[in-house]
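> I'd like to go over a predicted model; first the sequence, then the structure.
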Amino acid sequence: MTDTKHRPLDGVTVLDLSWHLAGPYCTMALADLGARVIKIERPGSHGGYDPGGVARFQFQGDDVHYIALNRNKESMVLDLKTEEGLNVFRAMVKQADVVFNNFRPGTMQKLGLDFESLKAINDRIIYASLSAFGNTGPDRDRPGVDLVVQAECAGMSMTGHKGGPPARAGIPIADLAGGMWSAMAILAAIRERDAFGTGAREIDMSLFDSHFAMIPYFTAYLTTNDFVPGPQGSGGHSPTYGAFETADGTWLILAVIDQKPWTLLCEALEAPHLFADPRFANAASRIEHTDDLQKIVQEILLKKPRAEWMAKFRDLGIPAGSVNNLREAMAHPQVAARNMMVDVPYVGGDTVSLLGNPIKMSGFEQTFASPPRIGQDTERITAEFTAPAGEAR
(Lines give C-alpha, C1' and ligand atoms only; values in the text may rest on other atoms or scores of the structure.)
Protein backbone atom coordinates (compact mmCIF):
# COMPACT_ATOMS: atom_id res chain seq x y z
CA MET A 1 0.00 0.00 0.00
CA THR A 2 1.18 3.55 -0.68
CA ASP A 3 1.89 6.00 2.10
CA THR A 4 -0.82 8.53 2.87
CA LYS A 5 -1.15 11.50 5.18
CA HIS A 6 -4.83 10.95 5.79
CA ARG A 7 -7.35 8.19 6.35
CA PRO A 8 -10.82 8.03 4.76
CA LEU A 9 -12.68 9.27 7.86
CA ASP A 10 -10.13 11.71 9.24
CA GLY A 11 -11.96 14.75 10.60
CA VAL A 12 -15.10 12.81 11.54
CA THR A 13 -15.91 12.74 15.27
CA VAL A 14 -18.20 10.04 16.64
CA LEU A 15 -19.69 10.12 20.14
CA ASP A 16 -20.22 6.45 20.94
CA LEU A 17 -22.73 5.62 23.68
CA SER A 18 -22.98 1.96 22.71
CA TRP A 19 -21.95 -1.14 24.61
CA HIS A 20 -21.69 -4.95 24.40
CA LEU A 21 -21.22 -6.10 20.76
CA ALA A 22 -23.32 -4.70 17.90
CA GLY A 23 -22.69 -1.04 18.72
CA PRO A 24 -18.96 -1.20 19.49
CA TYR A 25 -18.47 -3.39 16.40
CA CYS A 26 -20.03 -0.64 14.29
CA THR A 27 -17.93 2.15 15.77
CA MET A 28 -14.73 0.07 15.63
CA ALA A 29 -15.22 -0.13 11.86
CA LEU A 30 -15.51 3.67 11.74
CA ALA A 31 -12.47 4.10 13.99
CA ASP A 32 -10.39 1.75 11.83
CA LEU A 33 -11.20 4.00 8.87
CA GLY A 34 -9.90 7.05 10.69
CA ALA A 35 -12.88 8.49 12.56
CA ARG A 36 -12.21 9.88 16.01
CA VAL A 37 -14.44 7.68 18.14
CA ILE A 38 -14.97 8.79 21.73
CA LYS A 39 -16.39 5.88 23.70
CA ILE A 40 -18.56 7.21 26.51
CA GLU A 41 -19.15 4.91 29.48
CA ARG A 42 -21.39 5.24 32.49
CA PRO A 43 -19.76 5.53 35.93
CA GLY A 44 -18.80 2.15 37.35
CA SER A 45 -18.47 0.51 33.94
CA HIS A 46 -15.40 -1.62 34.53
CA GLY A 47 -16.35 -4.49 32.28
CA GLY A 48 -19.80 -5.92 31.76
CA TYR A 49 -19.28 -6.48 28.07
CA ASP A 50 -20.12 -10.15 28.39
CA PRO A 51 -23.63 -11.38 29.22
CA GLY A 52 -24.44 -10.98 32.89
CA GLY A 53 -21.68 -8.45 33.40
CA VAL A 54 -19.08 -11.20 33.73
CA ALA A 55 -15.64 -10.80 32.16
CA ARG A 56 -15.11 -14.39 31.05
CA PHE A 57 -11.61 -13.79 29.71
CA GLN A 58 -9.10 -11.19 30.84
CA PHE A 59 -5.83 -9.70 29.63
CA GLN A 60 -3.81 -7.72 32.14
CA GLY A 61 -6.94 -7.52 34.29
CA ASP A 62 -9.08 -6.04 31.50
CA ASP A 63 -12.12 -7.59 29.83
CA VAL A 64 -11.03 -9.21 26.55
CA HIS A 65 -14.53 -8.75 25.06
CA TYR A 66 -14.07 -5.00 25.53
CA ILE A 67 -10.49 -5.08 24.24
CA ALA A 68 -11.54 -6.90 21.06
CA LEU A 69 -14.11 -4.25 20.09
CA ASN A 70 -12.61 -0.91 21.08
CA ARG A 71 -9.23 -0.39 19.43
CA ASN A 72 -8.51 2.98 17.84
CA LYS A 73 -10.95 4.68 20.24
CA GLU A 74 -10.72 7.11 23.14
CA SER A 75 -12.59 6.47 26.38
CA MET A 76 -14.27 8.72 28.89
CA VAL A 77 -16.70 8.25 31.75
CA LEU A 78 -19.71 10.55 31.81
CA ASP A 79 -22.83 10.45 33.98
CA LEU A 80 -25.68 11.43 31.68
CA LYS A 81 -28.13 11.29 34.59
CA THR A 82 -26.61 14.47 36.05
CA GLU A 83 -26.87 18.01 34.74
CA GLU A 84 -23.10 18.32 34.77
CA GLY A 85 -22.70 15.23 32.61
CA LEU A 86 -25.43 16.35 30.23
CA ASN A 87 -23.80 19.78 29.84
CA VAL A 88 -20.47 18.19 28.93
CA PHE A 89 -22.18 15.89 26.44
CA ARG A 90 -24.11 18.75 24.82
CA ALA A 91 -20.87 20.69 24.47
CA MET A 92 -19.36 17.70 22.70
CA VAL A 93 -22.37 17.38 20.40
CA LYS A 94 -21.75 20.92 19.14
CA GLN A 95 -18.47 19.78 17.60
CA ALA A 96 -19.32 16.18 16.71
CA ASP A 97 -20.43 14.62 13.43
CA VAL A 98 -22.15 11.49 14.74
CA VAL A 99 -23.94 10.44 17.93
CA PHE A 100 -24.47 6.69 18.13
CA ASN A 101 -26.32 4.62 20.74
CA ASN A 102 -27.75 1.13 21.07
CA PHE A 103 -30.16 1.77 23.93
CA ARG A 104 -33.77 0.69 23.95
CA PRO A 105 -36.09 3.11 22.15
CA GLY A 106 -37.09 5.98 24.44
CA THR A 107 -33.96 5.95 26.60
CA MET A 108 -32.28 8.88 24.86
CA GLN A 109 -35.54 10.85 24.96
CA LYS A 110 -35.77 10.34 28.73
CA LEU A 111 -32.28 11.80 29.03
CA GLY A 112 -33.27 14.78 26.91
CA LEU A 113 -30.88 13.61 24.20
CA ASP A 114 -33.34 12.67 21.43
CA PHE A 115 -32.75 13.63 17.81
CA GLU A 116 -34.68 16.88 17.85
CA SER A 117 -32.91 18.05 21.02
CA LEU A 118 -29.45 17.35 19.60
CA LYS A 119 -30.37 18.75 16.19
CA ALA A 120 -31.14 22.03 17.94
CA ILE A 121 -27.55 22.02 19.22
CA ASN A 122 -25.91 20.90 15.95
CA ASP A 123 -27.90 21.08 12.72
CA ARG A 124 -25.37 18.81 10.96
CA ILE A 125 -25.43 15.96 13.46
CA ILE A 126 -25.90 12.37 12.29
CA TYR A 127 -27.96 10.69 15.02
CA ALA A 128 -27.89 6.91 14.79
CA SER A 129 -29.71 4.41 17.00
CA LEU A 130 -29.46 0.62 16.92
CA SER A 131 -31.94 -1.42 18.95
CA ALA A 132 -33.33 -4.94 18.84
CA PHE A 133 -36.51 -4.15 16.90
CA GLY A 134 -36.21 -0.49 15.91
CA ASN A 135 -38.11 2.66 16.84
CA THR A 136 -41.37 1.67 15.13
CA GLY A 137 -43.60 -1.38 14.96
CA PRO A 138 -45.44 -3.47 17.55
CA ASP A 139 -42.20 -4.86 19.06
CA ARG A 140 -40.55 -1.46 19.50
CA ASP A 141 -40.40 -1.77 23.28
CA ARG A 142 -39.50 -5.46 23.52
CA PRO A 143 -36.14 -6.39 24.97
CA GLY A 144 -34.07 -8.38 22.52
CA VAL A 145 -30.60 -9.74 21.96
CA ASP A 146 -28.87 -11.67 19.19
CA LEU A 147 -30.41 -15.03 20.12
CA VAL A 148 -33.96 -13.64 20.21
CA VAL A 149 -33.50 -12.08 16.78
CA GLN A 150 -31.93 -15.20 15.26
CA ALA A 151 -34.97 -17.14 16.43
CA GLU A 152 -37.62 -14.71 15.18
CA CYS A 153 -35.92 -13.92 11.86
CA ALA A 154 -35.91 -17.62 10.86
CA GLY A 155 -32.15 -17.95 11.17
CA MET A 156 -32.37 -20.72 13.77
CA SER A 157 -34.92 -22.66 11.70
CA MET A 158 -32.34 -22.87 8.91
CA THR A 159 -29.36 -23.75 11.12
CA GLY A 160 -28.55 -27.28 12.24
CA HIS A 161 -29.45 -30.62 10.73
CA LYS A 162 -32.76 -32.05 9.56
CA GLY A 163 -34.55 -33.74 12.44
CA GLY A 164 -32.48 -31.92 15.07
CA PRO A 165 -33.48 -29.01 17.31
CA PRO A 166 -33.19 -25.39 16.14
CA ALA A 167 -29.61 -24.16 16.42
CA ARG A 168 -28.01 -20.78 16.95
CA ALA A 169 -25.41 -19.76 14.38
CA GLY A 170 -21.89 -20.22 15.72
CA ILE A 171 -21.25 -16.47 15.52
CA PRO A 172 -23.70 -13.77 16.71
CA ILE A 173 -24.91 -13.01 13.22
CA ALA A 174 -27.68 -10.58 14.22
CA ASP A 175 -25.34 -8.45 16.34
CA LEU A 176 -22.64 -8.42 13.67
CA ALA A 177 -25.13 -7.66 10.88
CA GLY A 178 -26.60 -4.84 12.95
CA GLY A 179 -23.16 -3.35 13.45
CA MET A 180 -22.22 -3.61 9.77
CA TRP A 181 -25.49 -2.19 8.43
CA SER A 182 -25.30 0.65 10.97
CA ALA A 183 -21.79 1.55 9.84
CA MET A 184 -22.99 1.63 6.22
CA ALA A 185 -25.94 3.84 7.14
CA ILE A 186 -23.70 6.28 9.02
CA LEU A 187 -21.26 6.48 6.11
CA ALA A 188 -24.14 7.11 3.68
CA ALA A 189 -25.51 9.90 5.90
CA ILE A 190 -22.10 11.56 6.21
CA ARG A 191 -21.63 11.36 2.45
CA GLU A 192 -25.07 12.86 1.78
CA ARG A 193 -24.57 15.65 4.31
CA ASP A 194 -21.13 16.62 3.06
CA ALA A 195 -21.92 16.29 -0.66
CA PHE A 196 -25.36 17.87 -0.72
CA GLY A 197 -25.58 19.96 2.44
CA THR A 198 -28.67 18.15 3.67
CA GLY A 199 -27.91 18.71 7.34
CA ALA A 200 -28.86 16.53 10.30
CA ARG A 201 -30.19 13.02 9.77
CA GLU A 202 -31.78 10.50 12.13
CA ILE A 203 -30.88 6.83 11.49
CA ASP A 204 -33.10 4.11 12.98
CA MET A 205 -31.48 0.67 12.80
CA SER A 206 -32.48 -2.68 14.30
CA LEU A 207 -30.95 -6.09 14.79
CA PHE A 208 -34.18 -7.60 13.45
CA ASP A 209 -34.05 -5.71 10.15
CA SER A 210 -30.31 -6.29 9.78
CA HIS A 211 -30.57 -10.04 10.27
CA PHE A 212 -33.64 -10.28 8.03
CA ALA A 213 -31.75 -8.40 5.30
CA MET A 214 -29.19 -11.22 5.27
CA ILE A 215 -31.76 -13.65 3.79
CA PRO A 216 -32.26 -12.27 0.25
CA TYR A 217 -32.70 -15.34 -1.95
CA PHE A 218 -34.60 -17.55 0.49
CA THR A 219 -37.22 -14.82 0.95
CA ALA A 220 -37.54 -14.59 -2.83
CA TYR A 221 -37.91 -18.40 -3.06
CA LEU A 222 -40.81 -18.15 -0.62
CA THR A 223 -42.59 -15.20 -2.27
CA THR A 224 -42.28 -16.65 -5.77
CA ASN A 225 -42.47 -20.41 -5.21
CA ASP A 226 -43.90 -20.83 -1.70
CA PHE A 227 -40.70 -22.57 -0.62
CA VAL A 228 -39.98 -22.53 3.13
CA PRO A 229 -36.35 -23.54 3.81
CA GLY A 230 -35.54 -25.88 6.66
CA PRO A 231 -32.24 -26.75 8.35
CA GLN A 232 -29.38 -26.45 5.90
CA GLY A 233 -26.97 -28.80 7.66
CA SER A 234 -23.41 -28.31 6.46
CA GLY A 235 -24.40 -27.53 2.88
CA GLY A 236 -27.86 -27.88 1.42
CA HIS A 237 -27.55 -27.29 -2.34
CA SER A 238 -26.32 -30.66 -3.58
CA PRO A 239 -25.24 -34.08 -2.22
CA THR A 240 -21.63 -33.05 -2.88
CA TYR A 241 -22.07 -29.64 -1.28
CA GLY A 242 -21.35 -30.12 2.41
CA ALA A 243 -19.06 -31.63 5.04
CA PHE A 244 -17.48 -35.07 4.98
CA GLU A 245 -15.26 -36.89 7.46
CA THR A 246 -11.82 -38.18 6.42
CA ALA A 247 -9.57 -41.04 7.59
CA ASP A 248 -7.81 -39.08 10.35
CA GLY A 249 -11.06 -37.96 11.96
CA THR A 250 -10.89 -34.45 10.50
CA TRP A 251 -13.48 -32.95 8.21
CA LEU A 252 -13.52 -31.18 4.88
CA ILE A 253 -16.18 -29.61 2.74
CA LEU A 254 -16.94 -30.07 -0.93
CA ALA A 255 -18.73 -27.35 -2.88
CA VAL A 256 -19.46 -29.29 -6.05
CA ILE A 257 -22.75 -28.73 -7.90
CA ASP A 258 -22.14 -28.16 -11.61
CA GLN A 259 -21.02 -30.69 -14.18
CA LYS A 260 -17.41 -29.60 -14.71
CA PRO A 261 -16.39 -29.77 -11.02
CA TRP A 262 -18.38 -33.01 -10.71
CA THR A 263 -16.24 -34.53 -13.48
CA LEU A 264 -13.09 -33.39 -11.67
CA LEU A 265 -14.37 -34.75 -8.37
CA CYS A 266 -14.91 -38.20 -9.89
CA GLU A 267 -11.31 -38.06 -11.10
CA ALA A 268 -9.99 -37.01 -7.68
CA LEU A 269 -11.97 -39.74 -5.94
CA GLU A 270 -10.66 -42.27 -8.47
CA ALA A 271 -14.26 -43.27 -9.08
CA PRO A 272 -15.04 -43.26 -12.82
CA HIS A 273 -18.01 -45.50 -12.11
CA LEU A 274 -19.74 -42.55 -10.43
CA PHE A 275 -19.41 -40.48 -13.59
CA ALA A 276 -20.90 -43.33 -15.62
CA ASP A 277 -23.76 -44.00 -13.19
CA PRO A 278 -27.07 -42.70 -14.67
CA ARG A 279 -28.27 -41.79 -11.18
CA PHE A 280 -25.58 -39.13 -11.08
CA ALA A 281 -25.61 -38.04 -14.71
CA ASN A 282 -26.43 -34.39 -14.01
CA ALA A 283 -27.05 -32.01 -11.11
CA ALA A 284 -30.79 -32.68 -11.00
CA SER A 285 -30.40 -36.46 -10.91
CA ARG A 286 -27.68 -36.22 -8.28
CA ILE A 287 -30.01 -34.21 -6.06
CA GLU A 288 -32.74 -36.80 -6.65
CA HIS A 289 -30.38 -39.49 -5.35
CA THR A 290 -28.80 -37.43 -2.57
CA ASP A 291 -28.71 -40.15 0.10
CA ASP A 292 -27.10 -42.72 -2.20
CA LEU A 293 -24.42 -40.35 -3.47
CA GLN A 294 -23.54 -38.91 -0.09
CA LYS A 295 -23.05 -42.40 1.34
CA ILE A 296 -20.76 -43.42 -1.51
CA VAL A 297 -18.66 -40.24 -1.38
CA GLN A 298 -18.35 -40.47 2.38
CA GLU A 299 -17.10 -44.07 2.19
CA ILE A 300 -14.41 -43.04 -0.31
CA LEU A 301 -13.26 -40.00 1.67
CA LEU A 302 -12.79 -42.14 4.80
CA LYS A 303 -9.95 -44.00 3.04
CA LYS A 304 -7.41 -41.13 3.20
CA PRO A 305 -6.54 -38.30 5.61
CA ARG A 306 -7.74 -34.79 4.95
CA ALA A 307 -4.36 -33.40 3.89
CA GLU A 308 -4.07 -35.91 1.05
CA TRP A 309 -7.56 -35.18 -0.21
CA MET A 310 -7.06 -31.42 0.00
CA ALA A 311 -3.83 -31.67 -2.00
CA LYS A 312 -5.65 -33.56 -4.77
CA PHE A 313 -8.58 -31.15 -4.77
CA ARG A 314 -6.26 -28.14 -4.96
CA ASP A 315 -4.29 -29.63 -7.84
CA LEU A 316 -7.47 -30.26 -9.84
CA GLY A 317 -9.10 -26.92 -8.96
CA ILE A 318 -12.03 -28.49 -7.12
CA PRO A 319 -13.83 -26.12 -4.74
CA ALA A 320 -13.14 -27.67 -1.35
CA GLY A 321 -11.91 -26.60 2.07
CA SER A 322 -10.75 -27.86 5.43
CA VAL A 323 -13.22 -27.52 8.31
CA ASN A 324 -10.91 -25.56 10.60
CA ASN A 325 -11.28 -24.69 14.23
CA LEU A 326 -10.38 -21.12 15.15
CA ARG A 327 -6.75 -21.90 16.00
CA GLU A 328 -6.34 -23.59 12.61
CA ALA A 329 -8.06 -20.71 10.82
CA MET A 330 -5.79 -18.15 12.49
CA ALA A 331 -2.77 -20.15 11.28
CA HIS A 332 -4.05 -20.12 7.67
CA PRO A 333 -1.45 -18.53 5.36
CA GLN A 334 -4.07 -16.16 3.95
CA VAL A 335 -4.47 -14.60 7.40
CA ALA A 336 -0.82 -13.55 7.50
CA ALA A 337 -0.75 -12.58 3.83
CA ARG A 338 -3.78 -10.31 4.27
CA ASN A 339 -2.83 -8.89 7.70
CA MET A 340 -5.98 -10.25 9.28
CA MET A 341 -4.27 -10.65 12.66
CA VAL A 342 -2.36 -7.65 13.99
CA ASP A 343 -0.17 -7.16 17.03
CA VAL A 344 -1.21 -3.99 18.82
CA PRO A 345 0.89 -2.38 21.58
CA TYR A 346 -1.36 -2.46 24.62
CA VAL A 347 -1.92 0.48 26.94
CA GLY A 348 -0.95 -1.71 29.89
CA GLY A 349 2.29 -2.81 28.28
CA ASP A 350 3.21 -5.74 26.03
CA THR A 351 1.17 -6.37 22.88
CA VAL A 352 -2.20 -7.93 22.22
CA SER A 353 -3.00 -9.82 19.02
CA LEU A 354 -6.33 -8.72 17.54
CA LEU A 355 -8.37 -9.33 14.42
CA GLY A 356 -7.35 -7.12 11.51
CA ASN A 357 -9.56 -5.09 9.20
CA PRO A 358 -10.72 -6.64 5.90
CA ILE A 359 -10.76 -3.35 3.97
CA LYS A 360 -7.77 -3.16 1.63
CA MET A 361 -7.72 0.11 -0.31
CA SER A 362 -4.99 1.87 -2.25
CA GLY A 363 -3.78 5.02 -0.53
CA PHE A 364 -4.98 3.83 2.87
CA GLU A 365 -2.48 2.36 5.28
CA GLN A 366 -4.21 0.76 8.24
CA THR A 367 -3.07 1.74 11.73
CA PHE A 368 -4.13 0.17 15.01
CA ALA A 369 -3.97 1.91 18.38
CA SER A 370 -4.50 0.18 21.70
CA PRO A 371 -8.00 -0.20 23.05
CA PRO A 372 -8.20 2.36 25.86
CA ARG A 373 -8.63 1.61 29.50
CA ILE A 374 -12.17 2.61 30.44
CA GLY A 375 -12.24 6.30 31.33
CA GLN A 376 -8.54 6.93 30.70
CA ASP A 377 -9.21 10.04 28.56
CA THR A 378 -12.00 11.61 30.63
CA GLU A 379 -10.16 14.68 31.92
CA ARG A 380 -8.48 15.52 28.62
CA ILE A 381 -11.65 15.16 26.56
CA THR A 382 -13.78 17.08 29.06
CA ALA A 383 -11.29 19.96 29.08
CA GLU A 384 -11.07 19.94 25.29
CA PHE A 385 -14.78 20.23 24.65
CA THR A 386 -15.71 22.54 27.54
CA ALA A 387 -12.89 25.07 27.13
CA PRO A 388 -14.20 28.64 26.89
CA ALA A 389 -14.55 30.03 23.38
CA GLY A 390 -11.25 31.25 22.01
CA GLU A 391 -9.10 28.92 24.06
CA ALA A 392 -7.14 26.13 22.44
CA ARG A 393 -9.12 22.95 22.16
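Cool, the structure landed.
> State the helix or strand in which Pro166 lies.
For Pro166, there is no host helix or strand (DSSP states H and E).
> if I look at it, how far off is Met214?
Between Pro166 and Met214 the computed distance is 17 Å (Cβ to Cβ, to the nearest Å). All C-beta spots, glycine's among them, are computed from the backbone N, C-alpha and C.
> what's near enough to touch the residue nearest to Ala255 when sequence neighbours are not counted?
Distance criterion Cβ to Cβ, 6 or more residues apart in numbering; nearest residue to Ala255, sequence neighbours excluded, is Pro319 at 4.0 Å. By Cβ atoms under 8 Å, 6 or more residues apart in numbering, the contact list for Pro319 reads 254-256, 261, 313.
> Can you select the buried ones among these for me in PyMOL?
Those of these that count as buried under 16 or more other Cβ atoms under 10 Å are selected in PyMOL with:
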select buried, resi 254+256+261+313
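> sec struct for Ile359, please.
Assigned with DSSP: H, G, I helix; E, B strand; the rest coil, Ile359 falls in the coil class.
> quick revisit: what's the spacing between the residue nearest to Ala255 and Trp262?
In terms of Cβ to Cβ, Pro319 sits 11 Å off from Trp262.
> okay, and the common contacts of those two?
Val256.
> ok so, going back, same list (the contacts of Pro319) but as CSV, adding distance to Val347, secondary structure and pLDDT.
Formatted as CSV, the contacts of Pro319 follow (distance: Cβ to Cβ, whole Å; DSSP: H, G, I helix; E, B strand; the rest coil; pLDDT from 0 to 100):
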residue, distance to Val347, secondary structure, pLDDT
Leu254, 46, strand, 98
Ala255, 43, strand, 97
Val256, 49, coil, 97
Pro261, 50, helix, 97
Phe313, 45, helix, 98
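> Give me the below-cutoff pLDDT ranges for the stretch 101-250 of the chain.
By pLDDT under 70, the stretch 101-250 of the chain has no low-scoring segment.
> so where do the helices sit in it?
Per DSSP state H, counting those that start in this stretch, the stretch 101-250 of the chain carries helices over the ranges 107-110, 115-121, 146-152, 173-196, 207-212, 216-225.
> Most tightly packed of those helices?
For the helices of the stretch 101-250 of the chain, the largest average neighbour count (mean count of other Cβ atoms under 10 Å) is found in helix 207-212, namely a mean of 24.
> Excluding chain neighbours, give the residue nearest to Ile318 in space.
Leu264 (5.1 Å).
> What about the closest residue in space to Ser234 that isn't next to it in sequence, how many residues nearby?
With sequence-adjacent residues excluded and distances taken as Cβ to Cβ, 6+ apart, Ser234 is closest to Ala243, at 3.7 Å. If you count neighbours by other Cβ atoms under 10 Å, Ala243 ends up with 14.
> Now for Ala243: which residues touch it?
Counting by Cβ under 8 Å, 6+ apart, the residues that Ala243 touches are 234-235, 251-253, 323.
> Same question for Leu293.
Applying Cβ under 8 Å, 6+ apart, the residues near Leu293 are 239-240, 274, 279-280, 286.
> what do you get for Lys304?
Counting by Cβ under 8 Å, 6+ apart, the residues that Lys304 touches are 246-247.
> which non-adjacent residue is nearest the most centrally placed residue in the chain?
A centroid search over the chain (Cα atoms, centre = their mean) returns Leu176, at 3.2 Å, as the residue closest to the centre. Counting by Cβ to Cβ, 6+ apart, Leu176 lies nearest to Tyr25, which is 6.2 Å off, once chain neighbours are set aside.
> Using the three-state scheme, assign the one you found.
Of the three states, Tyr25 takes helix under three-state DSSP.
> What of Arg90?
helix.
> that older thread, show the buried residues in the contacts of Leu293.
239-240, 274, 280, 286.
> of all those residues, which two lie farthest apart?
Farthest apart among the buried ones among the contacts of Leu293 by Cβ to Cβ are Pro239 and Leu274. That separation is 11.0 Å.
> coming back round to it: strands - which of the buried ones among the contacts of Leu293 land there?
Judged by DSSP state E, the subset of the buried ones among the contacts of Leu293 located in strands is empty.
> that older thread, okay, the contacts of Pro319 in a markdown table with distance to Pro43 next?
Putting the contacts of Pro319 into a markdown table (distance: Cβ to Cβ, whole Å) gives the following:
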| residue | distance to Pro43 |
| --- | --- |
| Leu254 | 54 |
| Ala255 | 51 |
| Val256 | 57 |
| Pro261 | 59 |
| Phe313 | 56 |
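> ok, of the contacts of Pro319, which one's closest to Leu222?
Using Cβ to Cβ, those come closest to Leu222 at Ala255, 24.1 Å.
> hey, what's that closest one bridged with?
Tyr241 (DSSP bridges).
> was I right about it contacting Ser234?
No - contact status for Ala255 versus Ser234: not in contact, 10.8 Å apart, counting by Cβ atoms under 8 Å.
> Quick check: the gap between the residue nearest to the centre of the chain and Arg104.
In this view, Leu176 and Arg104 are 20 Å apart by Cβ to Cβ.
> From Thr246, how far out is the residue nearest to Ala255?
17 Å.
> And Leu9, by the same measure?
From Leu9 to Thr246 the distance is 46 Å (Cβ to Cβ).
> quick one, domains of the chain?
Structural domains annotated on the chain: 13-214+340-386, 241-330, as defined by automatic domain parsing.
> Figure out the length between the terminal residues of stretch 140-149.
13 Å (Cα to Cα, to the nearest Å).
> What are the contacting residues of it?
Residues contacting stretch 140-149 (Cβ under 8 Å, 6+ apart): 21-22, 104-106, 131-134, 155, 168, 172-175, 207-208, 211.
> hmm, 10 Å instead?
20-22, 51, 104-106, 131-135, 139, 151-152, 155-156, 168-169, 171-178, 206-212 (Cβ atoms under 10 Å, 6 or more residues apart in numbering).
> cool, and stretch 76-90?
By Cβ under 10 Å, 6+ apart, the list of residues contacting stretch 76-90 reads 15, 17, 38-46, 92, 96, 99, 107-108, 110-113, 117-118, 120-122, 372, 374-382, 385-386.
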